[in-house]
Each structure stands twice: as structure tokens, then as C-alpha cells.
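Engineer: The amino acid sequence is not available; the structure is as follows:
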């Protein structure tokens, strides 16, 4: 329950009781950090059991299989995207850094966020965004790593601002259409990225037409 007052009326319209209104996870509370406090209040009573239940006899086999599954599900994209980061950033960071960042962020998130089954790691949008930042740093003649660090710090600041002001409640207005359009954009970016080297073989005189087509 929250500090916001809710009014309950009878059939005649007269106020019969004043109680506390319980906000859902995607509702504006009207208070700074209100949604964050409510999330903590909902999760804290269950936090200890989230850890201890995994070691119960009836859950142990499920826990081990889940750990192995999530390990593979997190490691495979880290290696795949890490190699792509290595090529796209001209060796600024790659597979090793991606594995370390996936491990650190995964441990911290599962410990403090109350969502141990969520996987944090590299994705298509993250790769596309990083490559754009790298191109901007090269075009502006700036060192990529410091420029990328401060870009991510500002992203973190705005993310915290969204959480504190309950702006994440706007997600209830986002439909599958928005998600599908965004997924289509990312797919288009990777399709273009894969087709570009083939086209360049014909347009930039890197090799003869015969070599480009048959060798």
C-alpha cells in the first residue's frame, strides 16, 4: 500500500471509507522514487527465499539445469557479439571484454534487481549503437573509449532519471507494433551490413568482375 489516498463510495455516491490505493508496477505514483520504493517493498519480503529456495532438495536439480542453460545462453552471444565488436571498433574491445562485462553485470543484476533469470548481455541494438558511436568518434577525431565511457555514463544518468520519476510507467502504452518496428530496423541494419561487402567487391574496383563473382 502507498501513501496516496483512495476514496471508496457507496451506490448513492457518498463517501463511506477512505483507504490506501495500491499502485501497480506500471502506474505513476506522483512521488519522486515512488515506484522504486513500491518495487522494493514488494520484493524485500521474498528476497531471502529467492536464494534459499534454490538449495531445497526438490528444487536443486532444476536450479542446476537452469544455471547451465543460462550460462550457455549468456556465453554464446557474448562470444558472437564480442567478435563483431572487435571488428567494428578496430580492436578497441572484443570477446574478452564482452565476456567480463556480461559476467559482472549479470551477477550485479541478479543480486540486486530481484530478477535472477533475466540475462544482461550484448544485443543487436547495442551493437548497432556502439558502431554508430565509434563512427562518430572517428569522424570527430576523438578517442573512442573515453567518448564511449561518457556516452554510457549519460545513458546511465537518464536511465536512473526514468526510474526515479516513474517514466517507466509509459511502457504500458507501448504495443507489439512498436517492438516489431524496432526489431525490423535492427534486422535491416544487419542485412545491409552483411550485403555491403558483397556490393563493394563490384563497385570499388577491389577485384575484377570475374574474381568477384566466381572466386
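Structural biologist: The structure has been received and is ready for your questions. These figures come from a predicted structure and were not determined experimentally. Numbers count the residues shown, from 1 in each chain.
Engineer: what sits against the spatially most central residue of the chain?
Structural biologist: Among the residues of the chain, the one closest to the centroid is residue 120, at 6.4 Å (CA atoms, centre = their mean). By CB atoms under 8 Å, 6 or more residues apart in numbering, the contact set of residue 120 is 102, 105, 106, 109. (Each C-beta comes from the backbone N, C-alpha and C, glycine too.)
Engineer: contacting residues for the third one?
Structural biologist: For residue 106, the contacting residues are 74, 119, 120, 121, by CB under 8 Å, 6+ apart.
Engineer: Could you look up the next helix or strand downstream of the longest helix seen in the chain?
Structural biologist: Longest helix of the chain, by residue count under DSSP state H: helix 57-88. Where DSSP states H and E defines the elements, the next helix or strand beyond helix 57-88 is helix 95-112.
Engineer: could you point out which element follows that following helix?
Structural biologist: The helix or strand immediately downstream of helix 95-112 is helix 124-139, counting by DSSP H and E.
Engineer: Show me how to select, in PyMOL, the buried members of the contacts of residue 106.
Structural biologist: Remark: buried members of the contacts of residue 106, expressed as a PyMOL selection using 16 or more other CB atoms under 10 Å:
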select buried, resi 74+120+121
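Engineer: tell me the least confident of the contacts of residue 106?
Structural biologist: Lowest pLDDT within the contacts of residue 106 is found at residue 119 (78).
Engineer: lowest-confidence helix or strand of the protein?
Structural biologist: strand 5-9 (a mean of 43; mean pLDDT, DSSP states H and E).
Engineer: rewinding a little: TSV for the contacts of residue 120, including distance to residue 95?
Structural biologist: Below are the contacts of residue 120 laid out as TSV (distance: CB to CB, whole Å):
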residue	distance to residue 95
102	11
105	16
106	16
109	21
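Engineer: What residues of the longest helix of the chain count as buried?
Structural biologist: Quick answer for helix 57-88 (16+ other CB under 10 Å): 70, 74, 77, 78, 81, 82, 84, 85, 86, 88.
Engineer: okay, the first one: pLDDT?
Structural biologist: Looking at residue 70, its pLDDT is 85.
Engineer: just the one 5 residues further on next, same as before
Structural biologist: For residue 75, the pLDDT comes out at 89.
Engineer: pretty sure it contacts residue 99?
Structural biologist: Yes - contact criterion CB atoms under 8 Å: residue 75 and residue 99 qualify, at 7.1 Å.
Engineer: any low-confidence regions in this structure?
Structural biologist: 1-25, 114-117, 204-215 (pLDDT under 70).
Engineer: try 90 this time
Structural biologist: Low-confidence segments of the chain (pLDDT under 90): 1-95, 97, 101-102, 105-132, 139, 142, 159-160, 162-215.
Engineer: ok, the nearest residue to residue 86 once chain neighbours are set aside - how many residues close by?
Structural biologist: Nearest residue to residue 86, sequence neighbours excluded (CB to CB, 6 or more residues apart in numbering): residue 94, at 3.1 Å. Counted with other CB atoms under 10 Å, the neighbours of residue 94 add up to 18.
Engineer: For residue 94, list the residues it contacts.
Structural biologist: 82, 83, 85, 86.
Engineer: Look up phi and psi at it.
Structural biologist: Here is the backbone geometry of residue 94 (degrees, to the nearest 10): phi -150, psi -130.
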